[in-house]
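In: My questions are about this predicted structure, shown below with the sequence.
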Amino acid sequence: MIAIKTLPDWAALLTAFLVLAGAALTMIGAIGLVRFRSFYERVHAPTLGATLGIGGVLLASMVYFSVSETRPVVHEILIALFVTVTTPVTMLMLTQATLYRDRAEGKAPKITDAPPLPADVITPDRTGVRQD
Amino acid sequence: MRGRANRFLAWLLPWPAVSALVLAVWLLLNQSLSPGQIFLGLLLALTAPRFLTTLDAPPLRIRRPWALVRLLGNVLPDIFISNYKVTRAILFSGPERQAGHVLVPLSIRSPWSLAMLACILTATPGTAWISFNPQTGLLLMHVLDLKDADELAGAITRRYERWLQQVFE
Amino acid sequence: MSMTILTWSLMAAQFMLAIAMVCACLRMFRGPRAQDRVLAMDSLYLNGMGLMLVFGIVSGSTLYFEAALVIALLGFVSTVALAKFLMRGEAIE
């Protein structure tokens, strides 16, 4: 099953390090997804995998194929580009949906720490979400 | 004469940055630099961005590309640092860690810089953009560890907002 | 020597990504609310994509890259559709 081509030492070790670091970060992010108690905390966990986790695996793949095929293989940049553009969009839409659903049930998020503000800014009908 | 040339260029490339991106993506996807692929890519780059015009997006003008580089130079280290912090929070944090919502006043208003800031804050683990109120200029965000919340507003202004302003506004 | 390290670290990476997918599934089944499940599904897609890329390195074939790209596209579209659905109760406007 394993058909790894022989690489020079530096490339093999670099690939090994990058793939391990990426996979470890992704796994830690997923553990956070299970461990954290509230939805808003859980939003932070998968971004670990989406930034450096996937980044590590993609870099490893780039190093491995560039060295083993002796030509620059950079099309992994496409996935990196796509993930960096789309992850914020999905996370934003999910938090917006959560905010909307929480407010529909009358549970606006509590603001614990903030620069001094009049209290009325935080009332549900004026906090930026379009209510159309 | 020059005005006509400029107008022709504006008609040919309504979204120059998007056209360049389309061409680059096409060549990367096909993994080749052969003349045929470059021709197809150019064809796509000239036609595809035209459909963006129907979206009524505000024009994208990058005023100072150098500021964009400085911004990226701030974002990348921050992603590494916050990855480390969130890793520690997931593996070792006990009940004493406080997560919560924070309001941060922003001074940027242009849609492109707000969108960019939303992407930056969401892509950085540990902070998440929740909603922005254009009337009050207040951003509601969620922070995984409230200990850093005091520096947060300052850091956003200093490290991101200043450069975003220079790039887009 | 270094090739043994690479082989073993590729195995370990696949194992860790599989654990990550199990964790995401756990959260997807446990909920408690719909947005938690959608978030877990998004993370599941992402982990699956990472696993595809590691498979690509292990098998030495760049074909897995296309699979990873398709997974990324599908994951994005489905998560956005679901988030939209949670927001309004209807997916298509």
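Out: Arrived safely. Numbers count the residues shown, from 1 in each chain, chains lettered A, B, ... in the order given.

In: Report the central residue of chain A.
Out: Nearest residue to the geometric centre of chain A (C-alpha atoms, centre = their mean): A:T47, 2.2 Å.

In: and the helix or strand containing it, is it in reach of chain B?
Out: Using DSSP states H and E, A:T47 falls within helix A:39-48. Yes: using C-beta under 8 Å from any C-beta of the partner chain, helix A:39-48 comes into contact with chain B via A:40-41, A:43-45, A:47-48. In this view, the C-beta of every residue, glycine as well, is placed from N, C-alpha and C.

In: now A:T70, what's its secondary structure?
Out: Here A:T70 takes the coil state, with states given by DSSP: H, G, I helix; E, B strand; the rest coil.

In: Likewise for B:R97?
Out: coil.

In: Quick check: it vs A:L33, distance?
Out: Noted for B:R97: a distance of 16 Å to A:L33, by C-beta to C-beta, to the nearest Å.

In: who's more crowded, the two?
Out: A:L33 (28 against 14; other C-beta atoms under 10 Å in any protein chain shown).

In: Look up the closest residue to the more buried one, ignoring the ones flanking it.
Out: Using C-beta to C-beta, 6 or more residues apart in numbering or on different chains and skipping residues adjacent in sequence, the residue nearest A:L33 is A:A45, 4.5 Å away.

In: quick one, what contacts that neighbour?
Out: Neighbour list for A:A45: A:29-33, A:36, B:86, B:90, B:125, C:43 [criterion: C-beta atoms under 8 Å, 6 or more residues apart in numbering or on different chains].

In: Please repeat the previous calculation with a cut-off of 10 Å.
Out: By C-beta atoms under 10 Å, 6 or more residues apart in numbering or on different chains, the residues touching A:A45 are A:28-36, B:86, B:89-90, B:125, B:144, C:23-24, C:27, C:39-40, C:43.

In: and chain C, which of its residues are near chain B?
Out: Chain C comes close to chain B at residues C:62, C:65-66, C:69, as judged by C-beta under 10 Å from any C-beta of the partner chain.

In: Just the buried subset of those residues, please.
Out: C:62, C:65, C:69 (16 or more other C-beta atoms under 10 Å in any protein chain shown).

In: shaky segments in the chain?
Out: No chain was given, so I picked chain A. Applying pLDDT under 70 to chain A flags residues A:1-4, A:108-132.

In: that's the other chain; I wanted chain C
Out: C:89-93.

In: Helices of that one, residue ranges please.
Out: C:2-30, C:34-59, C:63-88 (DSSP state H).

In: again, but for chain A
Out: A:9-35, A:39-48, A:54-68, A:76-104.

In: Chain B too?
Out: Going by DSSP H, chain B shows helices at B:2-12, B:16-30, B:35-47, B:65-92, B:111-123, B:149-155, B:162-168.

In: I'd like the ones you listed laid out as CSV, including mean neighbour count.
Out: Listed next are these as CSV, based on neighbours: other C-beta atoms under 10 Å in any protein chain shown:
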stretch, mean neighbour count
helix B:2-12, 9
helix B:16-30, 17
helix B:35-47, 14
helix B:65-92, 16
helix B:111-123, 20
helix B:149-155, 15
helix B:162-168, 20
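
In: any chance of the ones you listed in JSON lines, plus distance to C:L17?
Out: Putting the helices of chain B into JSON lines (distance: least, C-beta to C-beta, whole Å) gives the following:
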{"stretch": "helix B:2-12", "distance to C:L17": "46"}
{"stretch": "helix B:16-30", "distance to C:L17": "25"}
{"stretch": "helix B:35-47", "distance to C:L17": "33"}
{"stretch": "helix B:65-92", "distance to C:L17": "16"}
{"stretch": "helix B:111-123", "distance to C:L17": "21"}
{"stretch": "helix B:149-155", "distance to C:L17": "32"}
{"stretch": "helix B:162-168", "distance to C:L17": "35"}
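
In: nearest to C:N47, of these?
Out: helix B:65-92 (15.4 Å; C-beta to C-beta).

In: From the chain's centroid, how far away is the closest one?
Out: Centre-to-centre, helix B:65-92 and its host chain are 14 Å apart (C-alpha atoms, centre = their mean, to the nearest Å).

In: tell me the average confidence for that helix?
Out: Mean pLDDT, computed over helix B:65-92, is 87.

In: just stretch B:158-169 next, same as before
Out: Across stretch B:158-169, pLDDT averages out at 81.

In: contacts for that stretch?
Out: Under C-beta under 10 Å, 6+ apart, the answer for stretch B:158-169 is B:58, B:60-75, B:77-78, B:104, B:106-117, B:120-121, B:124, B:151, B:153, B:155-157.

In: and residue 46, how many residues sit next to it?
Out: Assuming you mean chain A. 30.

In: nope, chain C please
Out: 31.

In: Same check on A:G56?
Out: 23.

In: Was I right to think it contacts C:G50?
Out: Yes: between A:G56 and C:G50 there is a contact under C-beta atoms under 10 Å: 8.9 Å.

In: Common neighbours of these two, please.
Out: By C-beta under 10 Å, 6+ apart, the residues touching both A:G56 and C:G50 are A:19, A:22-23, A:25-26, A:49, C:13.

In: Among those residues, pick out the one closest to chain B, please.
Out: Nearest to chain B among these is A:L25, at 6.6 Å by C-beta to the nearest C-beta.

In: pretty sure the closest one is touching A:I54, no?
Out: Yes: between A:L25 and A:I54 there is a contact at 8.9 Å, judged by C-beta under 10 Å.

In: Need the residues touching each of these two.
Out: Joint contacts of A:L25 and A:I54 (C-beta under 10 Å, 6+ apart) are A:48, C:50.
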